[in-house]
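Enquirer: how would this look folded up:
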Amino acid sequence: MRSPRPIGVNTWVWTSPLTDDRLAALAPRVAGWGFDAIELPVEEVGDWDAQQAAKLLESLGLTATLVAAMRPGRELVVADSRTIAATRDYLCRLVDIAHTVSSPVVAGPLYASVGRTWRMTESERRACYSQLRENLAPVVEHAHGAGVTIAVEPLNRFETSVINTVDQAIEALDGLPTDACGLGLDTFHMNIEEQDIPAAIRRAGDRVAHVQVCGNDRGAPGADHIDWPGIVEALDEVGYEGPMTIESFTQDNETMATAASIWRPLARSQDAIAVDGLSFLTGLVRGGMPVAR
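Expert: Just a heads-up that it's a prediction; the model follows:
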């Protein structure tokens, strides 16, 4: 039985990079557990075939969401023109892939590579955000034409110095069309940066375009101290109807484990992150009462 609010899971829980073979193995299991959606990372364009993925997911009754991988060298701010142009091209190609697999969003920290940090004065930050709006605008325009929303994700202070909070994201995106450019919220980062997660969601309002969830330790949601009922209530209040998507990572890929600082197992197995998280979230969204853990 499906839950009233869609619940998804990112394939990064198990594998990196995603490939056709890995998706063919994972997607039936994800559907069999009862998930509504599967989140598909695109680390490099061509890692997996979008048309093949679309057919597979349709056959399984799964919807898709799409996330970018902002590796070193993918920058829309404080970078040379060739780097910015290449990053824009990558993001526009992700929009095309999202359209093919019927993902409503392309989400991620679509401004700078994960792990890149530098100090900024207030004036430098204003200039950085102005540059972001200018360089992201063509991607947003392309997304609008494809019926896709760009969902810009704040990251915690240890992974970026550009956008850490909802308020910064709102400032950075001011002036870009709300129907094609919104916020991608991740409870892991919000737990570090926001003083009150539900209040931050309410400030984001109708710009909430995508939501990723996990425990405060990157494990399964529910086995932690996060105010999950408050989060669901706030999402309901702002009218967010998209999935709550579990995002965690595997230790098996050294690059990804290092980027996400996954130094120890986060559950008894990677499957448990998904299955336990689904059980908790399903109980939460059905009746407002979490499933006992």
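
Enquirer: how about the strands of the chain, start to end?
Expert: 7-10, 37-42, 63-68, 105-108, 149-152, 181-186, 208-213, 244-246 (DSSP state E).

Enquirer: now those strands in TSV, with mean neighbour count, distance to residue 93 and mean pLDDT?
Expert: Placement of C-beta: from N, CA and C, glycine included. Converted to TSV, the strands of the chain look like this (neighbours: other CB atoms under 10 Å; distance: least, CB to CB, whole Å; pLDDT from 0 to 100):
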stretch	mean neighbour count	distance to residue 93	mean pLDDT
strand 7-10	26	20	98
strand 37-42	24	8	98
strand 63-68	25	10	98
strand 105-108	28	10	98
strand 149-152	28	13	98
strand 181-186	26	18	98
strand 208-213	26	19	98
strand 244-246	27	22	98
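
Enquirer: for residue 162, find the nearest of the ones you listed.
Expert: strand 149-152 (10.0 Å; CB to CB).

Enquirer: which strands and helices sit next to the closest one?
Expert: strand 105-108, helix 122-146, helix 166-173, strand 181-186, strand 208-213 (3 or more CB pairs under 8 Å, 6 or more residues apart in numbering; DSSP states H and E).

Enquirer: can I get the ones you listed in CSV with distance to residue 202?
Expert: Shown next, in CSV, are the helices and strands packed on strand 149-152 (distance: least, CB to CB, whole Å):
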stretch, distance to residue 202
strand 105-108, 20
helix 122-146, 22
helix 166-173, 9
strand 181-186, 12
strand 208-213, 10
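
Enquirer: closest one to residue 256 among these?
Expert: Comparing those by CB to CB, strand 105-108 comes nearest, at 13.8 Å.

Enquirer: would you list the strands of the chain in JSON lines and tack on distance to residue 24?
Expert: What follows is the strands of the chain, written out as JSON lines (distance: least, CB to CB, whole Å):
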{"stretch": "strand 7-10", "distance to residue 24": "16"}
{"stretch": "strand 37-42", "distance to residue 24": "12"}
{"stretch": "strand 63-68", "distance to residue 24": "14"}
{"stretch": "strand 105-108", "distance to residue 24": "23"}
{"stretch": "strand 149-152", "distance to residue 24": "26"}
{"stretch": "strand 181-186", "distance to residue 24": "27"}
{"stretch": "strand 208-213", "distance to residue 24": "24"}
{"stretch": "strand 244-246", "distance to residue 24": "20"}
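
Enquirer: only C-alpha atoms, please: export stretch 48-62 in CSV.
Expert: Provided in CSV are the C-alpha atoms of stretch 48-62 (Å, rounded to 0.1, in the frame of the first residue of the first chain):
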residue,chain,number,x,y,z
TRP,A,48,23.0,5.5,-17.6
ASP,A,49,20.5,5.6,-20.5
ALA,A,50,17.5,7.9,-19.8
GLN,A,51,15.1,6.3,-22.3
GLN,A,52,15.9,2.9,-20.9
ALA,A,53,15.5,4.1,-17.4
ALA,A,54,12.1,5.7,-18.2
LYS,A,55,10.7,2.5,-19.6
LEU,A,56,12.0,0.5,-16.6
LEU,A,57,10.5,2.9,-14.0
GLU,A,58,7.2,3.0,-15.8
SER,A,59,7.0,-0.8,-15.8
LEU,A,60,7.5,-0.8,-12.1
GLY,A,61,5.2,2.1,-11.2
LEU,A,62,8.0,4.3,-9.9
